[in-house]
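Engineer: okay, here's the prediction I keep looking at, along with the sequence it came from:
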Amino acid sequence: MSNLLELKNQIESIKSAIDNLFYGSVEIRQNENKKYIYVHFRNSGILQTKYVGEYSDELYNLVLSNNIKVKELKKRLKELEKELKSFPDANKEMEDDILLNIDLARRNLVDSIYKQSILEGVATTYSDTETIVNEGKVRDMSTLDVQKILNLKHAWEFIMDYDVECYPTNYALLCQINGLVEEGISYSAGKIRSTPVTIGGSSYIPPIPFEFKVKEDIESIVNDVDLDHVTKAAKLIAYSMKTQTFIDGNKRTAVIFGNHYLISHGVGLMVVPVEKIEKYKTLLLDYYEDRSEDLIEFFVTECFISLR
């Protein structure tokens, strides 16, 4: 493995796959005439219990099958984590501000995911979002919506990793983030778009993106000496939304991408508040159709949470 980022992404993908499986020691509980399946497992050394569903032979056998699958995944995970330790820079000490910013992101993880979910029209509440983030499942929500929230969790956890924060905010990282955001949802997760797309409610039709051009544009923003870090992050988010580099998940990817830049520079966080979503949508359409760039100022002044 020659690329630290690729290695970290493989590790996060395996963790994501494990999180999405029901596995562990099976317990069957009975309530009146019905039986229910629960599993007990350890997560980071902590014993946890998760409800699987009403008993059926099919569901019971699925858990047993998952136990075999998880055993293999954990074996591979152990190999990759061992390989990670061989990187000379993998465990290097980070600046205090970056460490503090990672801590800020972790403390705001559920809040950030909830805000992004509402932004995407996911039918969730803060409480349900918190349950999904902590337990991986909630009742009365579509499988797709649960998957979107779990994928946001994995993408945020990915950029909050010390080693990933040492990696530059560039095109390769953008693709890695989209791969996590769209994992299990889109067949082309993490791959640059090669087909036309349209945007609902807008006359703007994003051109087909070219890899070299997206790379250049991102580098141009990151290396602009006339911009402060917060404005750079805002421009990275706006650019990634408008370019529509991927088939789907562009706005979710853009926000996490911009936050990687902020965290890696120890500056703060940037997520659209729920109460300002309608304003954001109006400004985004204006930005798409080249009527104004007020969206960038909106990100800076109304969506930014300063570390200090």
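Structural biologist: Nice, I can see it. Numbering: from 1, shown residues only.

Engineer: flag every buried residue along stretch 210-219.
Structural biologist: 214, 217-218 (16 or more other Cβ atoms under 10 Å). Heads up, the C-betas are built off the backbone N, CA and C, glycines and all.

Engineer: now stretch 257-275
Structural biologist: Neighbour count says stretch 257-275 has 257-272 buried, by 16+ other Cβ under 10 Å.

Engineer: tell me the domain ranges of this structure?
Structural biologist: The chain breaks down by automatic domain parsing into domains covering 4-84, 96-306.

Engineer: helices or strands up against the lowest-mean-pLDDT helix or strand in the chain?
Structural biologist: Lowest mean confidence among the helices and strands of the chain (mean pLDDT, DSSP states H and E): helix 4-19, at a mean of 79. Packing partners of helix 4-19 (3 or more Cβ pairs under 8 Å, 6 or more residues apart in numbering; DSSP states H and E): helix 57-84, helix 143-159, helix 162-165, helix 171-181.

Engineer: try it again with 6 Å
Structural biologist: helix 57-84, helix 143-159 (3 or more Cβ pairs under 6 Å, 6 or more residues apart in numbering; DSSP states H and E).

Engineer: by how many degrees do that helix and helix 57-84 diverge?
Structural biologist: With axes from the mean of the first three to the mean of the last three Cα atoms, to 10 degrees as the basis, helix 4-19 and helix 57-84 are set at 160 degrees to each other.

Engineer: what angle do helix 4-19 and helix 143-159 make?
Structural biologist: 140 degrees.

Engineer: give the buried residues for helix 4-19.
Structural biologist: Across helix 4-19, burial judged by 16+ other Cβ under 10 Å covers 4-5, 7-18.

Engineer: returning to that earlier point: the buried residues of stretch 210-219 into a markdown table, with extra columns for distance to V39?
Structural biologist: A markdown table is the format used below for these (distance: Cβ to Cβ, whole Å):
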| residue | distance to V39 |
| --- | --- |
| V214 | 43 |
| D217 | 47 |
| I218 | 43 |
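
Engineer: which of the residues you listed sits closest to T131?
Structural biologist: Comparing the buried residues of stretch 210-219 against T131 with Cβ to Cβ places I218 closest, at 35.5 Å.

Engineer: find me the pLDDT at the closest one, would you?
Structural biologist: If you check I218, the pLDDT there is 95.
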